[in-house]
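J.: Could you work out the structure for the sequence below:
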Amino acid sequence: MLKIITHSEESKLNSWYLEIDRGLLVLVLLLMVVGLLTLITAGSADATRMGYPWYHFVQKALLPYTIGLICLFGFSMLNKKQIISISVAGLIIGIGVLLLTAFPNSFQVIKNGSHRWVRIAGQTFMPADVLKPFFIVTTAWFLALMRKQYGSDIFFNKEAWKFKKISWIPYLVVFSICTLLILLHPDFGTALLYVGVLGVMLFVAGFPLKWLPGILGTIGGLVALAIVFLPQLAHVRERIGHMFYVEPRSQAWYSLNAIKHGGLFGSGADSYVKDVLPEATNDFVYASIVEDWGGIVGCALVILLFLILNRLIKHAIYARDDFVVYAVSGVAALFGTQVCFNLMTSLHLVIDKGMTLPFVSYGGVSFITFCIIFGIVLALIREDTWNR
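T.: Numbers count the residues shown, from 1 in each chain. Okay, the predicted model is just below:
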């Protein structure tokens with residue numbers, strides 16, 4: 001007769017299995033499978049066009065996928081205290097690396113006039129990408145500490161605006177400097193992404209909704225002025241001009257034709273548009289998927305992405321710990337924004353800002369970053385649920 005095993009009798013690994021949100025984990029793993037299959041199909045076309053063997057990108061992705069999966073499961077086994085400690089350290093180191101992009105040095109990498117990359121230990125990456133999970137966790141921790149120290153009114157309490165270790169002034173100064181560095185890379189899309197995620201977390205923390213129109217108007221005005229007058233954003237002005245028509249043989253033109261060519265059931269072996277579509281495994285990966293597998297699979301992928309987003313939002317709503325509420329809300333905002341921007345880019349509804357489709361677009365650092373993000377989310381949800 002089988003012995004009935006109780007939760008208290010389980011080992012740490014078995015406890016993790018019983019407590020983890022297995023539904024969310026399975027959805028994320030399914031998304032990874034989609035990304036891997038896309039790397040085989042669209043990636044082989046990209047590799048052949050560039051003169052590499054068809055398996056070039058699959059081979060290059062093996063290491064990031066391995067590291068990513070280790071990070072996903074490893075972070076999901078941590079507790080809240082460990083996650084906060086790692087995130088604070090990661091944020092400090094990440095800001096230090098971000099500063100390397102501000103002036104010429106041996107680590108800085110410049111591509112097409114942009115200096116958003118650095119090369120360390122032979123690896124080239126964007127510090128702004130690596131900072132995402134640590135920014136969200138540290139901000140959530142900061143908001144929880146503010147609420148604990150100043151009560152529910154953390155926005156209009158005069159004490160919260162005095163220069164103290166835990167107050168708005170040091171936080172906003174650091175955030176503003178980092179955002180300005182990202183904006184001047186130039187990386188307009190990522191700068192707006194950080195501002196948007198912070199905005200969502202602030203509103204979840206209790207910022208009055210009646211201020212929303214004024215804030216959006218102010219941000220919109222500043223964005224418009226920056227686009228018009230900053231020379232670093234000349235490429236944004238050019239891309240906005242291209243939003244009103246589809247230039248033949250442009251990225252948007254190839255993307256829309258790939259989607260049309262895919263039809264409902266996909267073109268399969270007859271797919272050819274992705275063979276000439278720039279960024280077929282990255283910015284326009286959705287167009288590659290629809291051309292290969294069809295609109296039905298494309299719709300299924302959208303449903304999968306929004307099931308993950310819906311699960312994140314539900315966890316944010318029902319979490320007991322304020323810190324978990326803020327952190328999961330930030331992740332939901334980040335994930336949802338990147339998904340929407342990537343899909344809308346393929347459909348020529350917004351200008352291309354290089355936002356990846358999480359777990360699907362090719363990019364080692366982006367993949368690892370989202371593995372860390374969802375490992376953190378799984379850990380926080382697990383602890384919040386079982387410590388009730």
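
J.: pLDDT below threshold where in the protein?
T.: 1-10, 223, 226-247, 249, 269, 272-274, 279, 388 (pLDDT under 70).

J.: what does the lengthiest strand in it contact?
T.: As assigned by DSSP state E, the longest strand anywhere in the chain is strand 114-120. Contact with strand 114-120 is made by 97, 100-101, 107-111, 124-128, 182, 185-187, 190, as judged by Cβ atoms under 8 Å, 6 or more residues apart in numbering. (Each C-beta comes from the backbone N, C-alpha and C, glycine too.)

J.: Write the PyMOL selection for whichever of these are buried.
T.: In PyMOL syntax, the buried subset of the contacts of strand 114-120 is picked out as below (16 or more other Cβ atoms under 10 Å):
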select buried, resi 97+100+101+125+126+127+128+182+185+186+187+190
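
J.: Now do the strands for the stretch 1-150 of the chain: every range, in order, please.
T.: 108-111, 114-120, 123-125 (DSSP state E, counting those that start in this stretch).

J.: rewinding a little: list the buried residues of the longest strand of the chain.
T.: In terms of neighbour count (16+ other Cβ under 10 Å), strand 114-120 has its buried residues at 114-118.

J.: tally of neighbours for the residue nearest to residue 386 when sequence neighbours are not counted?
T.: Spatial nearest neighbour of residue 386, excluding adjacent residues (Cβ to Cβ, 6 or more residues apart in numbering): residue 19 at 5.0 Å. Residues lying near residue 19 (other Cβ atoms under 10 Å) number 19.

J.: Might one say that residue 19 is in contact with residue 382?
T.: Yes: the criterion here is Cβ atoms under 8 Å, and residue 19 meets it with residue 382 at 4.6 Å.

J.: on that earlier part again, want to throw the strands of the stretch 1-150 of the chain into CSV with distance to residue 73?
T.: Shown next, in CSV, are the strands of the stretch 1-150 of the chain (distance: least, Cβ to Cβ, whole Å):
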stretch, distance to residue 73
strand 108-111, 31
strand 114-120, 25
strand 123-125, 22
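
J.: Point out the other elements, helices or strands, that the longest helix anywhere in the chain touches.
T.: In terms of residue count, the longest helix belonging to the chain (DSSP state H) is helix 22-49. Helix 22-49 is packed against helix 56-76, helix 285-293, helix 295-318, helix 364-386, with contacts defined by 3 or more Cβ pairs under 8 Å, 6 or more residues apart in numbering; DSSP states H and E.

J.: Determine which stretch of these is the most buried.
T.: Among the helices and strands packed on helix 22-49, ranked by average contacts under mean count of other Cβ atoms under 10 Å, first place goes to helix 285-293 (a mean of 28).

J.: just how off-centre is that one within its chain?
T.: 21 Å (Cα atoms, centre = their mean, to the nearest Å).

J.: Can I get that helix in PDB? Just the C-alpha atoms.
T.: Taking Å, rounded to 0.1, in the frame of the first residue of the first chain, the C-alpha atoms of helix 285-293 are listed here in PDB:
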ATOM      1  CA  VAL A 285      10.200  36.700 -34.900                       C
ATOM      2  CA  TYR A 286       6.300  36.700 -34.800                       C
ATOM      3  CA  ALA A 287       6.200  37.300 -38.600                       C
ATOM      4  CA  SER A 288       8.500  34.300 -39.100                       C
ATOM      5  CA  ILE A 289       6.300  32.100 -36.900                       C
ATOM      6  CA  VAL A 290       3.100  33.000 -38.800                       C
ATOM      7  CA  GLU A 291       4.700  32.500 -42.200                       C
ATOM      8  CA  ASP A 292       6.000  29.000 -41.200                       C
ATOM      9  CA  TRP A 293       3.100  27.800 -39.100                       C
END
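
J.: Contacts only, for residue 297.
T.: Counting by Cβ under 8 Å, 6+ apart, residue 297 has contacts 266, 289-290.

J.: try it again with 7 Å
T.: 266, 289 (Cβ atoms under 7 Å, 6 or more residues apart in numbering).

J.: Likewise for residue 74?
T.: residue 375.

J.: Check whether residue 355 really touches residue 338, as I assumed.
T.: Yes: with contact taken as Cβ atoms under 7 Å, residue 355 and residue 338 are classed as touching, separated by 4.9 Å.

J.: And the contacts of stretch 199-218?
T.: 139-140, 143, 152, 154-155, 325-326, 329-330, 333.

J.: From these, list the buried ones, please.
T.: The neighbour-count test (16+ other Cβ under 10 Å) marks 139-140, 143, 154-155, 325-326, 329-330, 333 as buried among the contacts of stretch 199-218.

J.: Turn those into TSV, including distance to residue 283.
T.: Below are those laid out as TSV (distance: Cβ to Cβ, whole Å):
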residue	distance to residue 283
139	27
140	29
143	32
154	38
155	37
325	32
326	30
329	26
330	24
333	20
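
J.: hmm, back to that, within its sheet, name the partner strands of the longest strand of the chain and how each one runs.
T.: Sheet pairing of strand 114-120 (DSSP bridges) gives strand 108-111 (antiparallel), strand 123-125 (antiparallel).

J.: who wins for proximity to residue 280 among the ones you listed?
T.: Residue 280 sits nearest to strand 108-111 of all those, at 18.8 Å, using Cβ to Cβ.

J.: Contacts made by the closest one with the rest, please.
T.: The contact list for strand 108-111 (Cβ under 7 Å, 6+ apart) reads 100-101, 115, 117-119, 124.

J.: Please repeat the previous calculation with a cut-off of 6 Å.
T.: The contact list for strand 108-111, computed with Cβ atoms under 6 Å, 6 or more residues apart in numbering, reads 115, 117, 119, 124.

J.: got CSV for the helices and strands packed on helix 22-49, with distance to residue 215 too?
T.: Formatted as CSV, these follow (distance: least, Cβ to Cβ, whole Å):
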stretch, distance to residue 215
helix 56-76, 33
helix 285-293, 31
helix 295-318, 21
helix 364-386, 26
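
J.: These: which one's closest to residue 93?
T.: Residue 93 lies closest to helix 364-386 among the helices and strands packed on helix 22-49, at 13.6 Å (Cβ to Cβ).

J.: Now do the closest one against helix 56-76, angle only.
T.: Interaxial angle of helix 364-386 relative to helix 56-76 (axes from the mean of the first three to the mean of the last three Cα atoms, to 10 degrees): 30 degrees.
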